[in-house]
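[1] model this:
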Amino acid sequence: MVEAPNYYAIIPANVRYDKSLPGKAILLYGEITALCNQKGFCWASDDYFAKLYGVTKMSIQNWLKSLEKNGYISREVTYKKNTREIEHRFIRMSVPPTQKNLGTPTQKNFRDNSTSINKNHSGAEEKKDPIHYKEIIDFLNEKAGRDFKNVEGNQKLIRARINEGYSEHDFALVIVFKCKQWLGDSKMEQYLRPGTLFGSSKKFDQYLDEAKQSRKQKGKTPEQPGLSVGEGSARAADYMAELEKRYGTGELSE
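    Residues are numbered from 1 along each chain as shown. A predicted model of the protein is given here:
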């Protein structure tokens with residue numbers, strides 16, 4: 001059940017006059033601020049927003065994507081155990097709107113919203129990020145022999161793909177496949193980096209499909225792609241074994 005929105009919605013000037021936002025993305029932003037009033041985050045579904053504005057879910061997804069791309073909101077998802085089915089999606093306001101040029105009632109509501117949002121961001125909920133950034137980056141380092149850092153720039157790429165519905169297991173499949181394909185190639189191994197592997201939704205999907213097709217040709221189905229231990233530390237092997245157990249995708253073998 002979607003929480004009832006507050007009477008007031010906040011749309012700051014930088015959002016109102018952002019010409020890069022498509023359709024009714026600006027109004028959607030205001031709706032999200034109203035829904036964030038109670039808990040500091042919004043969990044309304046795409047279907048809820050689509051019915052509210054009389055548009056398709058694809059339109060809502062495009063509006064949300066544009067708001068996130070411009071830094072106005074952030075999204076995170078949690079999945080049902082041992083599946084890639086989304087259980088919850090949380091939307092939060094990334095940048096508090098300025099109070100400049102806002103009417104008195106909205107200023108009061110903004111203060112209430114800001115207090116609620118800040119409490120949620122500073123409390124325990126902020127710490128419950130379900131994405132294992134470090135494990136994914138460490139795994140890439142182990143397989144590619146690199147030393148990438150667990151910094152926001154790399155986390156942002158991983159978070160974007162997770163929010164599109166990809167799993168941690170998908171990241172491991174892409175890493176294993178591209179390392180096997182590119183390591184030793186003086187021209188291509190330089191691209192074994194987060195920016196190339198995770199930076200584009202289109203490319204990531206292509207790499208993942210290639211990995212699954214490669215394993216299918218070796219007699220494994222896409223539903224049971226498996227991961228090869230291959231070269232690397234015991235830590236990398238343990239991580240792959242944990243992913244296989246979590247996602248139920250079969251043996252650790254080529």
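[2] ok, Ile73 touching Arg92?
    Yes: using Cβ atoms under 8 Å, Ile73 is in contact with Arg92, at 6.6 Å. For every residue, glycine as well, the C-beta is placed using N, CA and C.
[3] out of those two, which sits in the busier spot?
    Ile73 (22 against 19; other Cβ atoms under 10 Å).
[4] residues contacting the more buried one?
    The neighbours of Ile73, taking Cβ atoms under 8 Å, 6 or more residues apart in numbering as the test, are Tyr29, Ile32, Leu64, Leu67, Ile91, Arg92, Met93, Ser94.
[5] what residues are up against the nearest residue to Leu173 once chain neighbours are set aside?
    Once flanking residues are discounted, Leu173 sits nearest to Ala211: 4.5 Å by Cβ to Cβ, 6 or more residues apart in numbering. For Ala211, the contacting residues are Leu173, Val174, Val176, Phe177, Lys178, Pro225, by Cβ under 8 Å, 6+ apart.
[6] switch the cut-off to 6 Å
    Leu173, Val174, Phe177 (Cβ atoms under 6 Å, 6 or more residues apart in numbering).
[7] check which helix or strand covers the last one.
    Phe177 is part of helix 168-182 when elements are defined by DSSP states H and E.
[8] list of residues touching the very next helix or strand once past that helix?
    As assigned by DSSP H and E, the chain's next helix or strand after helix 168-182 is helix 194-197. For helix 194-197, the external contacting residues (Cβ under 6 Å, 6+ apart) are Asn154, Leu157, Val174.
[9] let's see that with 7 Å instead.
    Leu140, Phe148, Asn154, Leu157, Val174, Ile175, Lys178, Tyr207 (Cβ atoms under 7 Å, 6 or more residues apart in numbering).
[10] likewise stretch 171-183?
    136, 139-140, 143-144, 188-189, 191-192, 197, 204, 207-208, 210-211, 214, 225, 227-228, 240, 243.
[11] so, low pLDDT: which residues of this structure?
    1-7, 38-39, 95-129, 218-237, 244-254 (pLDDT under 70).
[12] in it, which spans are helices?
    13-16, 25-35, 46-53, 57-69, 104-122, 133-144, 152-163, 168-182, 194-197, 201-217, 234-247 (DSSP state H).
[13] separation between Leu183 and Leu52?
    50 Å (Cβ to Cβ, to the nearest Å).
[14] likewise Ser66?
    For Ser66, the distance to Leu52 - Cβ to Cβ - is 18 Å.
[15] more crowded one of those two?
    Legend: neighbour count by other Cβ under 10 Å for Ser66 and Leu52, higher for Ser66 (20 against 16).
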